[in-house]
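Undergrad: Below: sequence and its predicted model.
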Amino acid sequence: MNCQDIGRILNDDDIAALRPAVVNSAREHLATCDECAWDWKVHERMLAMPLPAIGAKLLAWQPAARAGHAKTAVRRPRGGSLIIGALIAIGAAAAMVVGVGRLQDRQPAELPADQQTSSGTSLRAEPTGESSEIALSLPDARDASVTDAPQPLYAYSFTVVLAPPSYERQDELTERAVGNIHSALLVRLRSLPHLRLIEPESFDPYLESSGFPRRPLPRGVDFLVQVQRPPGMEEIENLAGIRTIDVRVLSAASNRIASGRTFMDTSSRASADAARAAADSLFEQSINRTFPPRDLSRLGEIRNYALDSTRSEDTRFELIDELTQFSLRFAIFEESVQQQVERSIAITTADIATNAPEPAIRARSWQAAAGLADSYLVAPLTEALLRDSSDIVRLEAARRLALDFAADPAARAALDFSALNDSDRAVRHYARWANTDESGRPVLLTQMLSDPTVPVPERFGVVRSDIPRYQAYITRESARLLLDIAAASHADMAWSDITSDLGIAPPNQVADLLLERLRDDPDAAIRRVAAGALLGHQDEPGVVAALRYARDNDPSPEVRLAAFTVR
Amino acid sequence: MAVLFRAAYRLAGNRSDAEDLVQDTFARACERLDEIAGCERPDQWLLRVLYHRFIDTARRRRRSPVGALDDSAESAALASQDPGPEQLAERAESEVAFHRAWLRLETDQRALLSLRAEGYGMAEIEAITGIGREVLGARLHRARRSLRRHLEEDAIRDAPAAIIGSQR
């Protein structure tokens, strides 16, 4: 057995089911080949990676998709009269969250205690004619000083439309089951304070004669809750929520509000108790849990928990991570409202990053601000870059400024200063790189790779650790320097990384040089690097032929192996 | 669902995102019931959706070029309860280190290895990802190498002298 055989096993076979003879042969090879032994070990570790069991909540969702793919084929009606609805949608309750956020200028009344958040922020509501609107106030960011005061929140109003059951086929059992579920759901929805609940006599956006709903919901409808039961079965098969397929919503929204966590399958019998339980579950998972006011209040909780040093770092990290996706939950709102939600996230992030005593927490919070191109962040970020005592925090601040505020004069000035004066090499490098324009980066890269103050074998590591995505700026000259470094390095890992990076460098810069080295370099290590890198440039003229020649004729077995996977 | 969840967990690295990914996948499935019904391998169909959703989402997130500083909380809780406390601690550390290295993989690499870890061979991964077999072999190989490199780097980083501090 050789390296190629090992690679094939790792790519294609079940190593736990190998025949003993194959296992023995593999072991013999692994004992003599460190590279393959490492690969094998990594593969085993990967297979042994601990995975949690499926959460109960996910188990409770038995998606319509499963019934769809597993059962429609079997139960799809054969005759014309049964139409496509092998999964007969026998009841529908549609809930429409009209998430058009409206800032409330009015002074609202307080909500009951159960609508208040643990952080002390309260949701406020005010009757407004026919509807009750949940009004939350969000601060103007200009006034948002970093204090311990509770974060005020935004104001929105919501309307939920609950559709009555509708039937494509009807029998007594079905009707009773759907009626039970629908009634229970209505009871729960009616119990929600400050919620405008519309119960139209007819609301059938999905069901159509062709069977399972495929048409888009009307604009503004965010999810449909639907009970399904295949014909002839006595049990409720699925209780499924289906996210809106209005593209305008889907394209922008994550699944938390727009689609809701609405998939579930009770596999329950159509008893009244089971129906009530199903409705309760449905209510909790698809409505209560994702209802916007609670999510909005979460911002205040995150902020307070993240600043609470008595909580475990793991908990605080999880909360900060939650910030990174927080804005996605509100994608159903109008853009202007979305921007204001993001402003509140920016404030929260900056607050944590400014006030948390632990550098790791501060750095993590700046990471959570990634992608928030809110100018509010520029001032605290420049402050962090120039004054934070921690290297990792300054580095993260430099990243945010470079990636999200590259055009901001204050950000550029701070990066300029740090490029020259920061005490940490990585921060200096990153800031300098960030403030160098596209045309200057290849030159800067070449300078770093030939920096006489750094020992040759270490230059590559410095570049790789400090400069993001430098590979795109590799020129023929810097490629030559990289090969020199490979020649001076005795570490196989450096060869591997240089190979990998040259393999994705601009081919018009590196392909000719690599071909030259593969053909002519007396150092087998360099030919090996060149061969490996050229595998990434096989569309370039002459590369495939050169690799095939090396695969068949190179005196070094390592070079032959490196070229082995040529087309 | 278990297969999907396991794959999603390997991809996302945490339970919450994995659950979201699974839901999202099923949401897509609901929109394409006829297509699935005609599928010989609905599991592959679902995994293909899962894979592409993950890749799309990861690209949209525009994350920092450097991964999370520490995303090990969940994996720390995954250690077996059977061994003694010291073994447990060692194993937990090892698993945390592996989890951390796993999360540092490029998105595409993690996705490919996730499918491989789920037991899919080249032909199936090719069907799921749409990546040609020739390229796939090389990418799997590189992904394993990257994982190995991250493991080694983490081993160095976790050594007593903190690198960042010592480089000043």
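TA: Everything's here; your move.

Undergrad: which helix of chain B spans the most residues?
TA: Counting by DSSP state H, the longest helix found in chain B is helix B:133-157.

Undergrad: Does it reach chain A?
TA: Yes. Against chain A, helix B:133-157 shows contacts by Cβ under 8 Å from any Cβ of the partner chain at B:134, B:136-138, B:140-142, B:144-149, B:151-152. Quick note: C-beta positions are derived from backbone N, CA and C, even for glycine.

Undergrad: List buried residues within the residues you listed.
TA: Listed as buried from the residues of helix B:133-157 next to chain A are B:136-138, B:140, B:142, B:144-149, B:151; burial here means 16 or more other Cβ atoms under 10 Å in any protein chain shown.

Undergrad: if we can go back for a sec, what comes into contact with the longest helix of chain B?
TA: With contact meaning Cβ atoms under 8 Å, 6 or more residues apart in numbering or on different chains, helix B:133-157 is reached by A:7, A:10-11, A:38-39, A:42-43, A:46, A:493, A:496-497, A:500, A:535, A:565, A:567, B:97-98, B:100-102, B:104-106, B:108-110, B:112-113, B:116, B:122-123, B:125-126, B:129, B:131, B:163.

Undergrad: Show the average pLDDT along that helix.
TA: Mean per-residue pLDDT for helix B:133-157: 78.

Undergrad: Cross-check the contact I'm expecting between residue B:126 and residue B:132.
TA: Yes. Counting by Cβ atoms under 8 Å, residue B:126 does reach residue B:132; the two are 6.8 Å apart.

Undergrad: Name the residue in those two with the higher neighbour count.
TA: Shown here are residue B:126 and residue B:132; by other Cβ atoms under 10 Å in any protein chain shown, residue B:126 has more neighbours (17 against 9).

Undergrad: Now that one, what are its backbone angles?
TA: When read as degrees, to the nearest 10, the backbone of residue B:126 gives phi -60, psi -40.

Undergrad: With the flanking residues excluded, which residue is spatially nearest to it?
TA: Nearest in space to residue B:126, with sequence neighbours left out and distances taken as Cβ to Cβ, 6 or more residues apart in numbering or on different chains, is residue B:133 at 5.2 Å.

Undergrad: what about that neighbour, how many neighbours?
TA: For residue B:133, using other Cβ under 10 Å, the count is 12.

Undergrad: got it, and residue A:531?
TA: 28.

Undergrad: circling back: measure the residue nearest to residue B:126 to residue A:520 for me?
TA: For residue B:133, the distance to residue A:520 (Cβ to Cβ, to the nearest Å) stands at 32 Å.

Undergrad: Point me to the helix or strand that includes the nearest residue to residue B:108 once chain neighbours are set aside.
TA: Here the nearest residue to residue B:108 in space, its sequence neighbours aside, is residue B:55; by Cβ to Cβ, 6+ apart that works out to 6.9 Å. Using DSSP states H and E, residue B:55 sits in helix B:42-61.

Undergrad: now do residue B:25
TA: Element membership for residue B:25, per DSSP H and E: helix B:15-31.

Undergrad: Let's test this: mean pLDDT of that helix, rounded?
TA: 73.

Undergrad: what are the ranges of the strands in chain A?
TA: For chain A, applying DSSP state E gives strands covering A:88-95, A:109-110, A:124-128, A:131-135, A:159-161, A:196-198, A:223-229, A:238-243, A:263-264.

Undergrad: from the contacts of helix B:133-157, which would you call buried?
TA: A:7, A:10-11, A:38-39, A:42-43, A:46, A:496-497, A:500, A:535, A:565, B:97-98, B:100-102, B:104-105, B:108-110, B:112-113, B:116, B:122, B:125-126, B:129, B:131.

Undergrad: Tell me which of those residues fall in helices.
TA: Filtering the buried ones among the contacts of helix B:133-157 for helices - DSSP H - leaves A:7, A:10-11, A:38-39, A:42-43, A:46, A:496-497, A:500, B:97-98, B:100-102, B:104, B:108-110, B:112-113, B:116, B:122, B:125-126, B:129.

Undergrad: Low-confidence ranges, chain B, go.
TA: B:1, B:16, B:27-42, B:56-96, B:154-168 (pLDDT under 70).

Undergrad: I'd like to know how many residues surround residue A:31.
TA: Residue A:31 has 10 neighbours, counted by other Cβ under 10 Å.

Undergrad: Not including adjacent chain positions, what is the nearest residue to it?
TA: Distance criterion Cβ to Cβ, 6+ apart; nearest residue to residue A:31, sequence neighbours excluded, is residue A:37 at 7.6 Å.

Undergrad: Next one: the one you found from chain B, what distance?
TA: As defined by Cβ to the nearest Cβ, to the nearest Å, residue A:37 lies at a distance of 11 Å from chain B.

Undergrad: Please work out how many residues are found near that residue.
TA: Close neighbours of residue A:37, defined as other Cβ under 10 Å, add up to 15.

Undergrad: tell me, how many neighbours does whichever residue of the stretch 201-350 of chain A sits closest to chain B end up with?
TA: Going by Cβ to the nearest Cβ, chain B is nearest to residue A:314 of the stretch 201-350 of chain A, at 3.6 Å. Using other Cβ under 10 Å, residue A:314 has 15 other residues around it.

Undergrad: measure the nearest residue to residue A:500 once chain neighbours are set aside to residue B:20 for me?
TA: Once flanking residues are discounted, residue A:500 sits nearest to residue B:142: 6.5 Å by Cβ to Cβ, 6+ apart. Using Cβ to Cβ, residue B:142 is found at 28 Å from residue B:20.

Undergrad: With residue A:21 instead?
TA: Plainly put, residue A:21 is 45 Å away from residue B:20 if you go by Cβ to Cβ.

Undergrad: Of these two, give the one with the bigger neighbour count.
TA: residue B:20 (23 against 8).

Undergrad: ok, back up a step: tell me what angle the longest helix of chain B forms with helix B:122-129.
TA: On the basis of axes from the mean of the first three to the mean of the last three Cα atoms, to 10 degrees, helix B:133-157 is oriented at 90 degrees to helix B:122-129.

Undergrad: now the angle between helix B:107-117 and helix B:133-157, please.
TA: Compare the direction of helix B:133-157 with that of helix B:107-117 by the same axes, to 10 degrees and you get 100 degrees.

Undergrad: Contacts only, for residue A:489.
TA: Per Cβ under 8 Å, 6+ apart, neighbours of residue A:489: A:457, A:460, A:495.

Undergrad: wait, the first one sits on residue A:487?
TA: No. Proximity of residue A:457 to residue A:487 does not meet the contact threshold set by Cβ under 8 Å, at 9.8 Å.
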